[in-house]
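**Student:** What follows is a predicted structure for the sequence shown.
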Amino acid sequence: MANPVVNGGKVRVEAIQTVVPTKATDPRQSRRITVSQNVGSTALLQRRFHLLLCYNKASSGDSGWLLAGQIKESLGRALKDYPLLAGRLRWCDADLEIVCNDSGTRMVETKAEMALAAFVEKREDETELVFWEDVFHHTPQFSPLFYIQVTNFTCGGYSIGISCSILLGDPFTLTTIIKKWASLHNTMFPSNEIPQIPMFYLPNHGPPPSFTSLLTGSNTTKDPAESLIFNIPTNILNSDNNTHKHLAALCVEEAERETGQKLAPNLSLLVQLPPEDDTVEVCSREGLLECSKLDHGAKGVSFTRAWDELELDNICFNEGNKPIYASCWINSVVDEGCVIIAPSTDQGLQIVVTFT
């Protein structure tokens, strides 16, 4: 039977594997996500951050097949330090909880019937290079929250597509983890050494079986959404208990002025500020905008449409071989916007406003 094709496009799935931490997580950790009573939509579970990195073939021995085998080893090692990525969601009373139960991440190996240069020129099929299976609403404990897709192009180039549930962390934190994983990968597989065939090397395992059943529902509601990223200075943090909603309202209004479009009638407000548990609230756009503004308004607040501060072009899984193309986005969810509030490196806040 022929291999299934993602989205009826040019990318064929060759293998799907699970990557677990190389050492059991002990003691088992968890992160609680406080959910407001009016969260009835499943959209929250399907929100994710996508990151795509495209690389030319670095040497005669380099390939996406080789990299995927190496990733199985390096990611397993990295998951020891970041076991949340290999965990699962579960309902805990009316709230959600991510449990570090070592159930694993998913790695998908695919083959594209086109050259990498052709993709980079058109950039029409980015969503075919990131894999995702929707989280089951009633039984989320069976759904991975972190996916990697390694795609081989006909020219020998390859891409790494990463999909992370936004409940795992904000895009800035997730990108930092991915950078640390890439650094560990380069330590384990130095580019100045002749690459050895890893234990998990797909071409050595014969023709793949059909994965039609696993592809059911994959990549649904996956289209990229436009996001604006706001940087809030430290001095704005000293306010009353409604600071988060004040700031969210401020950023939503500014985002709508800048883009000329309105957020959907409903939006999810996700606050990810340590050391407290994360909180999620679904509220109406009108209700949020009724919040009074901070006395000093937008003073000191800056925003950008691009994710430039993530510095994706510096992420190398083969030292010295930088991406020739990199992008990231939060997926769109029909009829629901999203606002994420997260800490920044300078002790301020970063607020991401995402349209549908």
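**Tutor:** Noted; the coordinates are in hand.
**Student:** which element is the residue lying closest to Ala58 once chain neighbours are set aside on?
**Tutor:** Spatial nearest neighbour of Ala58, chain neighbours left out: Asn321 (4.1 Å); criterion: CB to CB, 6 or more residues apart in numbering. In short, each C-beta sits where N, CA and C put it, glycine included. Here Asn321, judged by DSSP states H and E, is contained in no helix and no strand.
**Student:** For Asn321, the count of nearby residues, please.
**Tutor:** 15 (other CB atoms under 10 Å).
**Student:** Pull the contacting residues for it.
**Tutor:** 55-56, 58, 62, 191 (CB atoms under 8 Å, 6 or more residues apart in numbering).
**Student:** Then Thr25?
**Tutor:** Contacts of Thr25 (CB under 8 Å, 6+ apart): 80, 83, 100-102.
**Student:** 6 Å instead, please
**Tutor:** 83, 100, 102 (CB atoms under 6 Å, 6 or more residues apart in numbering).
**Student:** now it: how far from Lys179?
**Tutor:** 22 Å (CB to CB, to the nearest Å).
**Student:** okay if I get the contacts of Thr25 as CSV plus neighbour count and secondary structure?
**Tutor:** CSV is the format used below for the contacts of Thr25 (neighbours: other CB atoms under 10 Å; DSSP: H, G, I helix; E, B strand; the rest coil):
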residue, neighbour count, secondary structure
Pro83, 22, helix
Cys100, 21, coil
Asp102, 18, coil
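**Student:** Leu116: which of those residues is nearest?
**Tutor:** Using CB to CB, Pro83 is the member of these that sits closest to Leu116, with 33.4 Å.
**Student:** Am I right that the closest one is in contact with Cys100?
**Tutor:** Yes. With contact defined as CB atoms under 6 Å, Pro83 reaches Cys100; the gap is 3.9 Å.
**Student:** Out of the contacts of Asn321, which one has the weakest pLDDT?
**Tutor:** Here the lowest pLDDT out of these sits on Ser191, with 81.
**Student:** Tell me how many other residues crowd Trp181.
**Tutor:** Neighbours around Trp181, by other CB under 10 Å: 22.
**Student:** How about it, nearest residue that isn't a chain neighbour?
**Tutor:** Ala78 (4.2 Å).
**Student:** likewise Leu289?
**Tutor:** Per CB to CB, 6+ apart, closest to Leu289 is Ala249, 5.3 Å.
**Student:** pLDDT at the one you found, what is it?
**Tutor:** 90.
**Student:** what's the next secondary structure element after the one helix or strand it maps to?
**Tutor:** Per DSSP H and E, Ala249 falls inside helix 243-259. For helix 243-259, the following helix or strand on the C-terminal side (DSSP H and E) is strand 266-271.
**Student:** After the helix or strand bottoming out on mean pLDDT in the chain, which helix or strand is next?
**Tutor:** The helix or strand of the chain with the poorest confidence is helix 212-215; it has a mean of 41 (mean pLDDT, DSSP states H and E). Per DSSP H and E, the first helix or strand lying C-terminal to helix 212-215 is strand 224-225.
**Student:** Downstream of that following strand, the next helix or strand is which one?
**Tutor:** Assigned by DSSP H and E, the successor of strand 224-225 is strand 227-232.
**Student:** elements contacting that next one?
**Tutor:** Packing contacts for strand 227-232, counted by 3 or more CB pairs under 6 Å, 6 or more residues apart in numbering; DSSP states H and E, involve strand 302-304, strand 349-354.
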